[in-house]
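> Dropping the sequence and predicted coords here.
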Amino acid sequence: QGGKRNGVVWEAGMAGHSHYELVPERTAVLVIDPQQVYAACPAELTVDALLASPASSEFDGHSPMCCEKFEEAVGRINAITTAARAAGAAVVHVAHVYHETEEGGLLNGDHALTTFDVLGWAGWPLAYNLWNAALPWAAYSPLVHVEPTDYYTEKSSYSAITDLVTARLDQLGVDTVIVTGFMTQYCITTSVRAAHDYGYNVIVPTDAIDGPILLELLSGVNENEIIPFYLSVAVADVTDSAQIIESLS
C-alpha cells in the first residue's frame, strides 16, 4: 500500500486493487428486480418449506425464490441511491415482469424461463408466473425508495442492459454503473457481464445484492461470497456499499 508493487498502483487503504473513480454526473445506480418474488419468504427457510406447492395446505403465499437477505440488501440499496441522488448521479430501476395477452399468452415471454417448466419437479407449475404482472409476486417492493427523478423500466430477460436502459444511460452520458439488486446468480451476474461488454465501468457492492436461499441450501455455496471469483478485476470492481457511499460523498 502507498506505492507501486509489480507495476500495480496501490492506493492508501486498499487491500487488493484500485477502484474505479466515481464521477457522479457519469454514474448511474442500477436497482435490479427488488420485487416480492424475492421478498416473500416462508416462516422456515428449509428446502421443504420453500418448495411447498401452491396447491398444498401448508402454502403461505411465499416464493421459492425467497432471498433471505432481501431487506438487508434493500436497506443498503436505499443508502446507495440516497447518496447517489445527493451527488448528482442517476438512479435506474429495472423490474423483471411478464405481461399476459388477451389470449392468455405472454407478451414478452419467448425464452427459456417461460418455455421450460423450471420448477415443475417441485410442484410449481409454470414458474414464470412468479414474475407475472397479474400476480402479487411481480410487485415492486414498497421498501425500495423511488423518487420522481428516478427512471423506471421493465425487462423480460435476465440482463438489465436492455436497449431502453442503454439508451437512457447514453443520453445521460453515463460511463459507470453500480449494479445492485436480485438475484445474484442470474440477473445480477448477467447484467454485470453485459454492462462490461457494452463498455461501461461496472461496480458491484456484494452487500447490496442477494440470491435465493434455496440454491444455497441445495449447493452449500454462498452466492455473494463467491461472486468476486466470477467477476472481480476482469469484469467488475467488486466492493461494498460503504466504499461506494464514501466515494459518492
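Noted; the coordinates are in hand.
> Show the contacting residues for Ala73.
Contacts for Ala73 (Cβ atoms under 8 Å, 6 or more residues apart in numbering) come out as 67, 180-182, 207-210. (Each C-beta comes from the backbone N, C-alpha and C, glycine too.)
> Also Tyr151?
Residues touching Tyr151, when contacts are defined by Cβ under 8 Å, 6+ apart, comprise 90-93, 168.
> repeat that with 10 Å
Contact partners of Tyr151, counting by Cβ atoms under 10 Å, 6 or more residues apart in numbering, are 28, 90-94, 164-165, 168-169, 171-172.
> Tell me where the chain has helices.
Taking DSSP state H as the criterion, the chain contains helices spanning 36-39, 47-50, 70-87, 112-115, 163-172, 189-198, 213-219, 223-231, 241-248.
> buried sites along the longest one?
Translated: helix 70-87. If you call a residue buried by 16 or more other Cβ atoms under 10 Å, then helix 70-87 has these buried ones: 70, 73-81, 83-85, 87.
> Same list (those) but as a markdown table, adding pLDDT and distance to Cys187.
Supplementary listing: the buried residues of helix 70-87 in a markdown table, determined by pLDDT from 0 to 100; distance: Cβ to Cβ, whole Å:
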| residue | pLDDT | distance to Cys187 |
| --- | --- | --- |
| Phe70 | 98 | 14 |
| Ala73 | 98 | 13 |
| Val74 | 98 | 15 |
| Gly75 | 98 | 20 |
| Arg76 | 98 | 17 |
| Ile77 | 98 | 14 |
| Asn78 | 98 | 19 |
| Ala79 | 98 | 21 |
| Ile80 | 98 | 17 |
| Thr81 | 98 | 18 |
| Ala83 | 98 | 23 |
| Ala84 | 98 | 20 |
| Arg85 | 98 | 23 |
| Ala87 | 97 | 25 |
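> on that earlier part again, and the helices of the chain, which is most packed in?
helix 36-39 (a mean of 24; mean count of other Cβ atoms under 10 Å).
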